[in-house]
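Engineer: Predicted structure and sequence below. I'll ask about it afterward.
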Amino acid sequence: MSDRKLRWGLLSTARINRSLIPPLRMSPRNELVAVASRTQEKAEAYAREWNIPVAYGSYEAMLAAPDIDVVYVPLPNNMHEHWTIEAAKAGKHVLCEKPLAISVGEVDAIRAVAERAGVVVSEAFMYRHHPQTLKVKELVDAGVIGQVRLVRGSFSFNLTREGDVRLNPLLGGGSLWDVGCYPVSYARYIIGREPVEVFGRKVVGPTGVDETFTGTLRFPDNIYAQIDCSFRATFRTHVEIVGSEGAISVLHPFKPGTEEHIIISRGDDSERVAIQGPELYLGEVEDMADAVLLGKPPRISLADSRANVAALVALLESAERGQPVRMA
Ligand SMILES: NC(=O)c1ccc[n+]([C@@H]2O[C@H](COP(=O)([O-])OP(=O)(O)OC[C@H]3O[C@@H](n4cnc5c(N)ncnc54)[C@H](OP(=O)(O)O)[C@@H]3O)[C@@H](O)[C@H]2O)c1
């Protein structure tokens, strides 16, 4: 059992694949064996470029292959549910890109099929596996900054690629789904509870998606999170956790590198805490191996993904209605 390697297939030639391919090759418990694309020609060209042994000319063909254990789903957001379910039905474990789905009902449908098929499905929030994230959570839970009052999180960049899937409302585009999902996920993780009310505002671009989004999430005990994201602002990521006795500033919360540091401040004093980590995307690959080969629960559970999707849907609804939305 311990010698077994998970055999992975990439479901499409998405750009993000290039982040997963090196860790799949680095990990002794995982192996990249196939790629699928909507045409055989594209799959073969990609397989040649990235030195992948097998190329499938349709997604269905790869799911029918008996020798694939795990399917990576890096498709446009509106296709995550369908292809995760198809893969699970075919008996494959699935690592699906964030957001896992774009409605709570879709997450529930994924969960039902995954449970029936007895496969692991986990959302690819790579930052959650990095030692920096785990350290920040440990410090907060140990009371290093006292009681948490507020989490602020931002993720913005200038989206310059014309025709990008992120700008297409029919493909689950929009800045909240694409990058706003990170600060929402981070805040929920650190606070350790779920929001009870949210209020969102959006700036809609010419294609009809939110290109900028700001949101306030109220958690039990009047703990707040404030998030912002944008396709029309300079690249920046940041999280600040404000407590009754101090604050933690995380400079690279969502894409931490191998050498990072966070700042803990108390009044005028500040302390720099250095954190080393492995290559960012290795964590989700090893987590899948732990889940499938060792039977450990995946670090990102379907309940966690469901709650994140629920918060994002509520924020979008709030921005649409121009009113706060209470969550159950
Ligand atoms: N975790 C991270 O760091 C991270 C970073 C970037 C993106 N992501 C996520 O990864 C997913 C993909 O993002 P990406 O930027 O890599 O996307 P992308 O380069 O546009 O790739 C999407 C792929 O989906 C396939 N596809 C099937 N139907 C399509 C359609 N109607 N229109 C466009 N493509 C279609 C295409 O592959 P074929 O032509 O080969 O079939 C295409 O290459 C998204 O869910 C995004 O949120 C995560």
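Structural biologist: Done, it's in. Residues are numbered from 1 along each chain as shown.
Engineer: got the contact list for the residue of the stretch 201-328 of the chain found nearest the ligand?
Structural biologist: In the stretch 201-328 of the chain, the residue that lies nearest the ligand is residue 255 (7.1 Å; CB to the nearest ligand atom). C-beta coordinates here come from the backbone N, C-alpha and C atoms, glycine included. Counting by CB atoms under 8 Å, 6 or more residues apart in numbering, residue 255 makes contact with 127, 237, 280.
Engineer: Ok, residue 315 next?
Structural biologist: 176, 180, 184, 198, 200, 213, 215, 217, 325.
Engineer: Restricted to strands, list those residues.
Structural biologist: 198, 200, 213, 215, 217, 325 (DSSP state E).
Engineer: Buried among the residues you listed? Make that a PyMOL selection.
Structural biologist: Of the ones in strands among the contacts of residue 315, the buried ones go into a single PyMOL selection, burial set by 16 or more other CB atoms under 10 Å:
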select buried, resi 198+200+213+215+217+325
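Engineer: Please produce TSV containing the ones in strands among the contacts of residue 315, extended by distance to residue 270 and pLDDT.
Structural biologist: Shown next, in TSV, are these (distance: CB to CB, whole Å; pLDDT from 0 to 100):
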residue	distance to residue 270	pLDDT
198	31	98
200	32	98
213	30	99
215	28	98
217	27	98
325	37	98
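Engineer: In this structure, which helix is the longest?
Structural biologist: Secondary structure assigned by DSSP state H gives helix 302-321 as the longest helix of the chain.
Engineer: So for it, what gets flagged as buried?
Structural biologist: For helix 302-321, using 16+ other CB under 10 Å, the buried residues are 302, 304-316, 318-319.
Engineer: and which of those is nearest to residue 11?
Structural biologist: residue 305 (18.0 Å; CB to CB).
Engineer: Could you tell me which residues make contact with the closest one?
Structural biologist: Counted by CB under 8 Å, 6+ apart, residue 305 has contacts 99, 100, 101, 107, 122, 123.
Engineer: correct me, but the second one touches residue 108?
Structural biologist: No - Residue 100 is beyond contact range of residue 108, at 11.1 Å (criterion: CB atoms under 8 Å).
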